[in-house]
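*Asks:* could you look at this predicted model? Sequence included:
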Amino acid sequence: MPEPPMSVTSGQSSTVHYGCTPDQQILATYDNRDATKPKAILNINGVNYELYSVVSASGARYATEQGIQPEQGMQWHTKADKAVLTSMTLDHTAQPEDEKMLFDCTEHTAH
C-alpha cells in the first residue's frame with residue numbers, strides 16, 4: 001500500500017491543505033478507509049477531482065483521467081509535506097518527460 005502523507009493514517013480519512021506555486025490552494029482529502037482502494041479527492045477552484053492510488057517508488061501517488069485540462073488526466077505525487085500535480089497524457093505512447101507540472105505544493109501546517 002502506498003505511503004500516505006504524514007497527517008494521514010491507514011484506515012482513516014483526513015484532509016490536508018496545500019499552498020502551491022503558481023499561486024493556488026488545493027484541499028486534498030485522503031480516504032484510506034478501504035485499504036484495498038485508497039484514494040485522494042483534490043478540490044481545486046471549487047471542483048472535486050477523485051484520484052485513485054497508483055504504484056509509487058516513494059511517497060504516495062494518485063491519478064485520474066479527468067484533469068483540469070481537456071483531454072488530459074492528472075497525477076498527484078506526495079512525499080512528506082510536499083506534493084506535485086502534473087498533467088497526464090491519456091495516450092499509451094506518451095513519455096513521462098512530456099508531462100507538465102501544474103502545481104508544486106507544500107502542506108500548510110496548523111498553528
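*Replies:* All right, it came through fine. These figures come from a predicted structure and were not determined experimentally. Residues are numbered from 1 along each chain as shown.

*Asks:* partners of residue 77 in the sheet?
*Replies:* For residue 77, the beta-bridge partners are residue 61, residue 84 (DSSP bridges).

*Asks:* my error: substitute residue 50 in the last question.
*Replies:* Residues in beta-bridge contact with residue 50 (DSSP bridges): residue 41.

*Asks:* OK, contacts around it?
*Replies:* 39-41, 64 (C-beta atoms under 8 Å, 6 or more residues apart in numbering). Where you see a C-beta, it was placed from the backbone N, CA and C, and this is true even at glycine.

*Asks:* against residue 14, how distant is it?
*Replies:* 16 Å (C-beta to C-beta, to the nearest Å).

*Asks:* buried ones in stretch 43-62?
*Replies:* 44, 49, 51, 53, 59-62 (16 or more other C-beta atoms under 10 Å).

*Asks:* got it, and stretch 13-28?
*Replies:* 16, 18, 20, 26, 28.

*Asks:* so among the buried residues of stretch 43-62, where is pLDDT lowest?
*Replies:* pLDDT across the buried residues of stretch 43-62 is lowest for residue 59, at 86.

*Asks:* would you check that that residue makes contact with residue 79?
*Replies:* Yes. At 3.1 Å, residue 59 counts as touching residue 79 under the criterion of C-beta atoms under 8 Å.

*Asks:* picking up where we left off before, tell me the one of the contacts of residue 50 nearest residue 107?
*Replies:* Closest approach to residue 107 among these (C-beta to C-beta): residue 40, at 13.1 Å.

*Asks:* name the nearest residue to the closest one, sequence neighbours excluded.
*Replies:* What sits nearest to residue 40 in space, not counting adjacent residues and going by C-beta to C-beta, 6 or more residues apart in numbering, is residue 62, at 4.3 Å.

*Asks:* who's in contact with that neighbour?
*Replies:* Residue 62 sits in contact with 39-40, 51-54, 75-77, where contact means C-beta under 8 Å, 6+ apart.

*Asks:* likewise for residue 15?
*Replies:* Residue 15 is in contact with 27-30, counting by C-beta under 8 Å, 6+ apart.

*Asks:* understood, closing this out.
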